[in-house]
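**Q** just the structure for this:
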Amino acid sequence: MSEQTPGKLYDAAMKLKAEGNLEGCVDALKNILTIDPNHVQTHMALGVHQQKLGRFEEAIFHAKKVSELEPTDAFSFTQLSVIYQRCGKIFEAEEAMARAREIQGTPQRH
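**A** Numbers count the residues shown, from 1 in each chain. Below you'll find the model as predicted:
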């Protein structure tokens with residue numbers, strides 16, 4: 001019997017998404033967090049998928065968690081910015097994008 005690692009479970013969750021079962025994918029991803037609460041890929045995917053399902057607070061929670069787990073990764077803040085924007089939180093989106101640019105060393109636009 002093979003061990004169910006977060007990576008294998010993540011792959012299985014993505015298969016559900018590919019089959020059009022976004023709710024099942026989200027449930028499978030949540031299960032991964034019971035095994036590894038800091039699995040970055042899982043939080044990243046949950047941020048995107050929860051937003052698509054209209055669960056904005058959950059989406060923001062997971063996107064923020066990614067930026068906490070990867071505080072020097074510009075992409076994590078870019079993703080947070082996009083999720084904030086899609087959830088209607090423009091000020092927060094701009095702050096997250098500013099942080100992404102700061103990490104990249106890109107000057108802010110005014």
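**Q** going forward, measure contacts and count neighbours with C-alpha atoms only.
**A** OK.
**Q** burial of the closest residue to residue 56 other than its chain neighbours, as a residue count?
**A** Leaving aside its sequence neighbours, residue 56 sits nearest to residue 87 (CA to CA, 6 or more residues apart in numbering; 5.8 Å). Neighbours of residue 87 under the rule other CA atoms under 10 Å: 18.
**Q** what helix or strand is residue 83 on?
**A** Under the criterion of DSSP states H and E, residue 83 resides in helix 74-86.
**Q** distance of the most centrally placed residue in the chain relative to residue 97?
**A** Here the mean C-alpha position of the chain is nearest to the C-alpha of residue 44 (CA atoms, centre = their mean), at a distance of 2.2 Å. For residue 44, the distance to residue 97 (CA to CA, to the nearest Å) stands at 16 Å.
**Q** got it, and residue 79?
**A** 9 Å.
**Q** got the CA coordinates for the host helix or strand of residue 34 in CSV?
**A** Remark: residue 34 resides in helix 22-35, with elements defined by DSSP H and E. Only the C-alpha atoms of helix 22-35 are listed here, as CSV (Å, rounded to 0.1, in the frame of the first residue of the first chain):
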residue,chain,number,x,y,z
LEU,A,22,-14.2,21.8,-8.3
GLU,A,23,-16.1,21.1,-5.1
GLY,A,24,-14.5,17.6,-4.8
CYS,A,25,-11.1,19.2,-5.5
VAL,A,26,-11.6,21.8,-2.8
ASP,A,27,-12.6,19.0,-0.3
ALA,A,28,-9.6,17.0,-1.3
LEU,A,29,-7.3,20.0,-0.8
LYS,A,30,-8.7,20.7,2.6
ASN,A,31,-7.9,17.1,3.6
ILE,A,32,-4.3,17.7,2.7
LEU,A,33,-4.1,20.5,5.2
THR,A,34,-5.1,18.0,8.0
ILE,A,35,-1.8,16.2,7.1
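**Q** for the very next helix or strand once past it, buried residues please.
**A** For helix 22-35, the following helix or strand on the C-terminal side (DSSP H and E) is helix 40-52. Burial within helix 40-52, assessed by neighbour count using 16 or more other CA atoms under 10 Å, is assigned to 40, 42-51.
**Q** show me what helix 40-52 is packed up against.
**A** Judged by 3 or more CA pairs under 8 Å, 6 or more residues apart in numbering; DSSP states H and E, helix 40-52 is in contact with helix 22-35, helix 56-69, helix 74-86.
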